[in-house]
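Student: got a sequence here, can you model it:
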Amino acid sequence: EGLPVVCGTGDFPATLLGSGVCRPGMGSDVTGTSTILTVIAEQPVRSPDISNLRTVEGHWGACIFLDSGGDAMRWARKAFHEGKVDFDHIVALAEATAPGAKGLLFLPYPAGERLGTATNARAQFFGLDRGHETGHLHRAVLEGVGLAVLRHLRIIEAAGYKPERIVASGGGAKGDLWMKIKASVFDVPFTVPVNVECGVLGSAILTGVGLGLFDDIGTAAARLVRYEKDIHPDPKWTEVYHRMFPVFEKLYAESRPFYGLLDKLTADLEKLNA
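Tutor: Residues are numbered from 1 along each chain as shown. Sure, this is the predicted structure:
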């Protein structure tokens with residue numbers, strides 16, 4: 001008796017709130033295991049490829065999910081190093097290579113696509129030659145996630161919503177290299193909060209409003225959300241990625257007919273090896 005009970009929200013809306021992404025025109029990149037790109041709008045965005053989330057302050061979040069984000073990095077760490085090196089080592093290898101990874105492309109779909117038509121999509125490297133080293137592979141993974149999310153950004157932009165700035169959150173926001181790659185791929189500035197685990201802060205904001213410590217959600221967010229730095233696109237990198245993107249798009253489209261064939265082949269191999 002007497003214990004306050006405050007209505008909360010799901011982890012994703014709480015993350016948007018805790019990153020300060022709570023007015024139209026703002027964008028969010030949440031990179032944990034998956035990657036979620038969101039642009040805040042005043043009304044639901046009508047598109048078969050876009051999900052619409054009602055935000056806690058009453059706007060709408062037009063969002064598209066990529067099942068791979070940090071999960072792609074974890075897979076590469078396990079596959080290339082048997083998990084025996086840390087992520088700083090992987091990033092250092094990637095950072096030592098030039099943007100574009102010597103023409104190496106990576107389709108980041110090791111877990112398929114959650115909401116796309118190709119739910120059985122597969123990951124792949126394309127363009128490998130004898131000049132590629134481990135650092136190129138890791139850079140291609142980071143860039144491949146960025147290019148895949150650029151596909152999503154283009155879909156949202158085609159519906160009439162272009163973010164003026166994107167706030168990063170989740171574990172993926174801890175690495176400056178990945179943030180610079182994404183900012184350059186999107187050609188949109190990124191902002192990194194002081195606390196990248198924004199869902200916890202979003203829940204605290206709702207608690208503060210519910211307890212009467214703040215008059216409203218907007219006031220609480222303005223008081224509590226703090227940003228550490230801005231990461232701006234590198235024009236040279238942006239030029240590289242915008243030349244790569246049409247090739248990535250064509251590779252994505254041309255690969256889709258093979259996914260069903262791979263499903264059948266995999267099933268046949270399992271029977272043969274049983």
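Student: show me where the stretch 101-250 of the chain has helices.
Tutor: In order along the chain, the stretch 101-250 of the chain carries the following helices (DSSP state H, counting those that start in this stretch): 134-158, 176-186, 198-210, 217-224, 235-273.
Student: now Arg23: closest residue in space that isn't a chain neighbour?
Tutor: Distances taken as C-beta to C-beta, 6 or more residues apart in numbering put Ile40 closest to Arg23, at 6.1 Å, once the chain neighbours are dropped. All C-beta atoms are positioned from the backbone trio N, CA, C, and that covers glycine.
Student: where does pLDDT dip in the stretch 1-150 of the chain?
Tutor: Low-confidence segments of the stretch 1-150 of the chain, defined by pLDDT under 70, span residues 116.
Student: how about the most centrally placed residue in the chain, what does it touch?
Tutor: The structure's the chain has its C-alpha centroid closest to Thr35; by C-alpha atoms, centre = their mean the separation is 3.0 Å. With contacts defined as C-beta atoms under 8 Å, 6 or more residues apart in numbering, the neighbours of Thr35 are 29, 65-66, 68-69, 145, 148-149, 172.
Student: wait, which of the residues you listed is closest to Pro110?
Tutor: Nearest to Pro110 among the contacts of Thr35 is Ser68, at 5.9 Å by C-beta to C-beta.
Student: neighbours of that closest one, how many?
Tutor: With neighbours defined by other C-beta atoms under 10 Å, the count for Ser68 comes to 28.
Student: I figured it hits Leu107, correct?
Tutor: No. In terms of C-beta atoms under 8 Å, Ser68 does not count as a neighbour of Leu107; the distance is 9.4 Å.
Student: shared neighbours of the two, anything?
Tutor: 123, 148.
Student: residues contacting the nearest residue to Arg226 once chain neighbours are set aside?
Tutor: Spatial nearest neighbour of Arg226, chain neighbours left out: Val194 (4.4 Å); criterion: C-beta to C-beta, 6+ apart. Residues near Val194 by C-beta under 8 Å, 6+ apart: 226-228.
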